[in-house]
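> based on what follows, work out the 3D shape:
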Amino acid sequence: MADRALVCLHGLGGSLDEWTRAAHALGWRGAHATLPSSGAAILVGHSFGGVEAIRLAAEHPGRVDAVVLTGSFWPPARDGRTLAAAAADYGGHRIAYLRELTGRRRRPRPTVADARRLAGLARLGLRPGAFHAVAARVVCPVLAVHGTLDHLVPVGFARAGVRRHPAWTLAEVPGGGHRMHADRPDEWAGTVLGWLALARPTPRAR
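Numbering: from 1, shown residues only. Below you'll find the predicted structure:
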């Protein structure tokens, strides 16, 4: 894997620094914030960064060997439940997320650019077909790592999203939250490395 760049794409209000421990746990000494101008790469995207990873993989099919989505954005979905049950579940997650924010010493500080990206996410949430149309263009292996206690993006959204793309893999982490790459980097890396060992990168054009 040393011949491939590790590109880590953070969520709204995040930074490349949050990936330091996760990158080391994966065996890389450092990570890139953008796709390098040449060479193959593995893209890892958190939250909004997951959307960016999917977009880059779709636009550069010959350069991206694999995509790892962690706590990624997914369009809202019922996941086979009634509308009332899905709404009640989502409401419970929002309350839990607000409690998490209250308990944090450092809260996210989104920038103006982040606000624009958030507006873009809202549009994708209202138009899930647009999200999945881009995702369908990704030809490399994709792993979605999602915590069962992710209160920002409920795991039901990830389940429904991955079902739309049968070649993708979903790894649910019991008790995991939205920031597993930062909060539980060793466990997170173990899941990712196990999958990478079996994933077959897309053949590159010569």
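
> so A171 touches G190, yeah?
No: if you go by C-beta atoms under 8 Å, A171 and G190 don't touch, sitting 10.3 Å apart. The C-beta positions use only the backbone N, C-alpha and C, and glycine is treated the same way.

> give me the more crowded residue out of those two.
Neighbour count, other C-beta atoms under 10 Å: between A171 and G190, A171 has more, with 18 against 13.

> where in the chain is the helix or strand with the lowest mean pLDDT?
helix 83-103 (a mean of 56; mean pLDDT, DSSP states H and E).

> tell me what the helix or strand D65 falls within is packed against?
D65 belongs to strand 64-70 when assigned by DSSP states H and E. If you count contacts as 3 or more C-beta pairs under 8 Å, 6 or more residues apart in numbering; DSSP states H and E, strand 64-70 packs onto strand 41-46, helix 48-59, strand 142-147, helix 185-198.

> just the angle between the longest one and strand 41-46, please?
Counting by axes from the mean of the first three to the mean of the last three C-alpha atoms, to 10 degrees, helix 185-198 points 140 degrees away from the direction of strand 41-46.

> still on that earlier bit, most packed of the helices and strands packed on strand 64-70?
strand 41-46 (a mean of 27; mean count of other C-beta atoms under 10 Å).

> so what are the sheet partners of that one and their directions?
strand 5-9 (parallel), strand 64-70 (parallel) (DSSP bridges).

> hey, which of these is tucked in deepest?
The most buried one of these (mean count of other C-beta under 10 Å) is strand 64-70, showing a mean of 27.

> give me phi/psi at V173?
Per-residue torsions, V173: phi -110, psi 110 (degrees, to the nearest 10).

> that one and P128, how far apart?
Using C-beta to C-beta, to the nearest Å, one obtains 24 Å as the distance from V173 to P128.

> who's more crowded, those two?
Using other C-beta under 10 Å, the more surrounded residue of V173 and P128 is V173, with 20 against 17.

> now do the contacts for the more buried one.
V173 makes contact with 145-148, 180, 184, 187-188, 191 under the criterion C-beta atoms under 8 Å, 6 or more residues apart in numbering.

> now with 7 Å?
Neighbouring residues of V173 by C-beta atoms under 7 Å, 6 or more residues apart in numbering: 145, 147-148, 180, 191.

> got the CA coordinates for stretch 139-158 in CSV?
What follows is stretch 139-158, C-alpha atoms only, in CSV (Å, rounded to 0.1, in the frame of the first residue of the first chain):
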residue,chain,number,x,y,z
VAL,A,139,-16.1,1.7,-10.2
CYS,A,140,-13.6,1.0,-7.4
PRO,A,141,-14.3,-1.0,-4.2
VAL,A,142,-16.2,1.0,-1.6
LEU,A,143,-16.4,0.3,2.2
ALA,A,144,-18.9,2.2,4.4
VAL,A,145,-17.9,2.1,8.1
HIS,A,146,-20.8,3.3,10.2
GLY,A,147,-21.4,3.3,13.9
THR,A,148,-24.7,2.0,15.3
LEU,A,149,-24.8,5.1,17.6
ASP,A,150,-24.1,7.7,15.0
HIS,A,151,-26.6,10.3,16.0
LEU,A,152,-25.8,12.8,13.2
VAL,A,153,-26.3,10.3,10.3
PRO,A,154,-28.3,7.3,11.6
VAL,A,155,-27.1,3.9,10.5
GLY,A,156,-30.4,3.2,8.8
PHE,A,157,-29.5,5.8,6.2
ALA,A,158,-26.2,4.0,5.5
